[in-house]
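**Student:** from the sequence below, what's the structure:
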Amino acid sequence: MMPYYQTSCSSSGSNLDSQPSFHSVPSINSLSHDQSLCLNLDTHHQCIATVKGENSYTSSLVLAGKFLFTGSSDKEICMWEQRALISTLDASIIDTVIAGKGAVKSLVILADKVFSAHQDHKIRVWRIVNHNSDTPKIVHLSTLPIISDRALKFMIPKNHVQIRRHKKSTWVHHVDTVSALALSNDESFLYSVSWDRTLKIWRTNDFKCLESVANAHDDAINALEISHDGDVFTGSADKTIKIWRKGFEEKKHSLVCTLEKHKSGVNALAVGRSSTHSVLYSGACDRSILVWEKDEGGDMVLVGALRGHKKSILCLAVVADLVCSGSADKTVRVWRGVERCYSCLSVIQGHSGPVKCLTVTSDQQLPSDTTSCYVLYTASLDGETKVWKIFVPLL
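**Tutor:** The predicted structure follows:
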């Protein structure tokens, strides 16, 4: 099976090869002189740890309490202790499990449970046993769809849907790589998207599949995010971002809006928050990060684009007022926004391959009156996962 990063940009292209940029969307990293001085003062970063896989690369990352979980391109899920990685102590793996076939595409954490999305079309659920001990274990709990879902839907003909010319499947099944997962804000529901172009919703207390939006996009769905007010964003190789919403008394999600400003496949989404509303960041093969905000009427409007990467945007993460972007150009950029004005604080170099995934968190161990410290985890197709500390001056 061809790897994800060679097929997700479009049906005929690769998201490791940058697509032509476009100039119809204005850049928004233009600041006044005073703002530029403030945003760029004494920002610096340092690599504090590097972990290298033997025969694979890290394809997904998630932080959970004192642990970092990584999913590999070769079906491994590993649990690391954050403190050991940050303090450059012995950064050995606490526990490892192997499941399915191919890459682990996405990981999310709910209390003592880990949900993992796989290239073999499955979602798996794991429990962290002895969560508070020094030697916790990852134990398999379930595989979605669960057996009762599969059996019930299989027996009823109306639950079968056409997936190829001569093949049918029940609607609870993903029939291609599960590319991304996200939890609802109240953690009652798990959302999943796939290259099969569907969006599915699962109940987290019993893992039952409640809903499947067929043909949610015209091509593979690569990215998924939930806003602070519950809107569901999906980004696709069809170049669009779609917004889905379920009303208070409605049983199903419906399409609210389609955002169509990207000129090539959408690979990454991230949600931040301004003083009053959610901000959506989208990264694509066109090398730009588009910034969307809600207007007074509640509609998402395009504010502008963050430009600087030389190749496709592959991953995004947000913490506080920072946006981190990883690219096929082998770099990570750290951006900060102030009242719709953005500046690139750092260009982080150190990987020898495209940066496939990243996550970032605030470092509470280094309080300062003048500087904020963040810990950034980055993983590349070069097989290395790196840990960085980023020091940013307070505004």
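**Student:** quickly note the distance from Tyr243 to Ala223.
**Tutor:** Just so we're on the same page, residue 243 is Ile rather than Tyr. Applying Cβ to Cβ, to the nearest Å, the value for Ile243 to Ala223 is 13 Å. Quick note: C-beta positions are derived from backbone N, CA and C, even for glycine.
**Student:** which helix or strand lies directly C-terminal to the lowest-mean-pLDDT helix or strand in the chain?
**Tutor:** The weakest-scoring helix or strand in the chain, judged by mean pLDDT, DSSP states H and E, is helix 33-40 (a mean of 41). Next in sequence after helix 33-40, counting helices and strands by DSSP states H and E, comes strand 44-52.
**Student:** sorry, back to before: between Ile243 and Ala223, which has more neighbouring residues?
**Tutor:** Neighbour count, other Cβ atoms under 10 Å: between Ile243 and Ala223, Ala223 has more, with 26 against 19.
**Student:** can I assume that one is in contact with Ala237?
**Tutor:** No - at 10.0 Å, Ala223 does not count as touching Ala237 under the criterion of Cβ atoms under 8 Å.
**Student:** overlap of the contact sets of those two?
**Tutor:** Jointly contacting Ala223 and Ala237 under the rule Cβ atoms under 8 Å, 6 or more residues apart in numbering are Val266.
**Student:** next up, the contacts around Tyr57.
**Tutor:** Shown in contact with Tyr57 (Cβ under 8 Å, 6+ apart): Ser72, Ser73, Gly353, Lys356, Ala379, Ser380, Leu381, Asp382, Gly383, Glu384.
**Student:** how near is Met134 to Ser362?
**Tutor:** Actually, residue 134 is Asp rather than Met. From Asp134 to Ser362 the distance is 25 Å (Cβ to Cβ).
**Student:** who's more crowded, these two?
**Tutor:** Set side by side, Asp134 and Ser362 show more neighbours around Ser362, with 13 against 7, by other Cβ under 10 Å.
**Student:** surely that one and Leu376 touch.
**Tutor:** No - with contacts counted by Cβ under 8 Å, Ser362 stays clear of Leu376, the gap being 10.7 Å.
**Student:** all strands for the stretch 51-200 of the chain, in order.
**Tutor:** Assignment of strands within the stretch 51-200 of the chain using DSSP state E, counting those that start in this stretch yields the ranges 58-64, 67-72, 76-81, 95-98, 104-110, 113-118, 123-129, 137-144, 160-164, 167-170, 178-183, 189-194, 199-203.
**Student:** buried set for the longest one?
**Tutor:** What it means is strand 137-144. Within strand 137-144, the residues scored as buried using 16 or more other Cβ atoms under 10 Å are Ile138, Ser142, Thr143, Leu144.
**Student:** got the CA positions of it in CSV?
**Tutor:** C-alpha atoms of strand 137-144 as CSV (Å, rounded to 0.1, in the frame of the first residue of the first chain):
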residue,chain,number,x,y,z
LYS,A,137,1.1,-0.4,30.6
ILE,A,138,-0.9,0.0,27.5
VAL,A,139,-3.6,-2.7,27.2
HIS,A,140,-5.9,-3.3,24.2
LEU,A,141,-9.5,-2.6,25.1
SER,A,142,-11.5,-2.7,21.9
THR,A,143,-11.4,-2.3,18.1
LEU,A,144,-13.9,-0.1,16.3
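**Student:** strands paired with that strand, and their directions?
**Tutor:** strand 123-129 (antiparallel) (DSSP bridges).
**Student:** ranking the strands of the stretch 51-200 of the chain by mean pLDDT, which is last?
**Tutor:** For the strands of the stretch 51-200 of the chain, the weakest mean pLDDT is recorded on strand 160-164, namely a mean of 54.
**Student:** neighbours of Gly298, just the number please.
**Tutor:** 11.
**Student:** Leu190 now?
**Tutor:** Leu190, neighbours per other Cβ under 10 Å, totals 25.
**Student:** can you pull the contacts of it?
**Tutor:** Shown in contact with Leu190 (Cβ under 8 Å, 6+ apart): Val108, Leu110, Phe115, Ile123, Leu181, Ala182, Leu183, Ser184, Ile201, Trp202, Arg203, Thr204.
**Student:** and it, how far from Lys310?
**Tutor:** Leu190 is 36 Å from Lys310, by Cβ to Cβ.
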